[in-house]
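K.L.:
what's the 3D shape of this:
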Amino acid sequence: MPDPTETTLATVFNNREAIGQILIQRTPLAGFVLCHRDDQTNDHVETFAQAEDAIEIARYDDDGNYRPLKTAPNLRHGWRLNLADADQLGRTIDYFYPGRLAMIEAWNQNRLITTSLRDTLNRQSGMYRIAAKISDEQIEEVVGNFCRSSDGCLRTILWKRDGEGGVASTELPPEKFDPGFDQTGKNRRAVPLLCQEGCSLLVNECREAVKGETNE
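P.N.:
From the prediction side, this is the model:
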């Protein structure tokens, strides 16, 4: 019987060679080599061999700053991960991009459920409840700035602004909503980092926008 992890990864990475900022190459012995996509031809890198090493690699950017959003386009350079098998590959990807493999698998099986931003904001409580008061104009600006792929987030947005199906932000290009587009801009065969609902960091940005208007 085929290994379920290997079967899942084979489906996810079918004819694709990258995910986010990570390049994935197979080895002759059924293993995998991972590196930053900018480091494909760089031999002066630090070598690792355990899936758990990805936790530390993903923790800080090139300047040593903590990365609260793991799908931000600021994964540090200068490393290479040699992995023995598909099980290690799956765990490594989850350390780099938590939950994204599960999202792409659900999407491939047509069972991925998305939540509009308004619904996400309306279910907030406590100090984040105020975020639901954000205007459509503010959403345009907040989402347009926070979620843009160049310096915000590499996820492909699948959710809508509201129950009426409004686009998340017209300040984002159409490619931001296309799972077939490589959000790094490198135009390579890449597994998309799917975004099924607004994250907690975006919720906080919405909260800050409302608070800023209230304090003016």
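K.L.:
alpha carbons only for contacts and neighbour counts from here, please
P.N.:
Will do.
K.L.:
do you know how far the nearest residue to residue 198 once chain neighbours are set aside is from residue 123?
P.N.:
Closest residue to residue 198 in three dimensions, ignoring its sequence neighbours and counting by Cα to Cα, 6 or more residues apart in numbering: residue 117, at 5.8 Å. Counting by Cα to Cα, to the nearest Å, the gap from residue 117 to residue 123 is 10 Å.
K.L.:
One more: residue 202?
P.N.:
Distance of residue 202 to residue 123, computed by Cα to Cα: 14 Å.
K.L.:
The two: who's more crowded?
P.N.:
residue 202 (18 against 11; other Cα atoms under 10 Å).
K.L.:
Double-check the more buried one against residue 146; I have them as touching.
P.N.:
Yes. If you go by Cα atoms under 8 Å, residue 202 and residue 146 touch, sitting 7.1 Å apart.
K.L.:
I'd assumed residue 196 was in contact with the residue nearest to residue 198.
P.N.:
No. Between residue 117 and residue 196 there is no contact under Cα under 8 Å: 9.8 Å.
K.L.:
residues bridging contact with those two, i.e. touching both?
P.N.:
Residues touching both residue 117 and residue 196 (Cα atoms under 8 Å, 6 or more residues apart in numbering) are residue 159.
K.L.:
How confident was the prediction at the closest residue to residue 40 other than its chain neighbours?
P.N.:
Spatial nearest neighbour of residue 40, excluding adjacent residues (Cα to Cα, 6+ apart): residue 23 at 7.6 Å. According to the per-residue confidence, residue 23 scores 95 in pLDDT.
K.L.:
And residue 117 and residue 196? Which one has more around it.
P.N.:
The residue with more neighbours, out of residue 117 and residue 196, is residue 117; 24 against 21, by other Cα under 10 Å.
K.L.:
Now name the helix or strand holding the residue nearest the centre of the chain.
P.N.:
Nearest residue to the geometric centre of the chain (Cα atoms, centre = their mean): residue 71, 3.6 Å. Using DSSP states H and E, residue 71 sits in no helix or strand.
K.L.:
mind listing what it touches?
P.N.:
Counting by Cα under 8 Å, 6+ apart, the residues that residue 71 touches are 20, 97, 153-155, 193.
K.L.:
quick one: residue 205 and residue 144 touch, right?
P.N.:
No. Assessed by Cα under 8 Å, residue 205 is found out of contact with residue 144, at 11.5 Å.
K.L.:
And stretch 163-178, end to end?
P.N.:
Using Cα to Cα, first and last residues of stretch 163-178 are 20 Å apart.
K.L.:
This completes my enquiry, with thanks.
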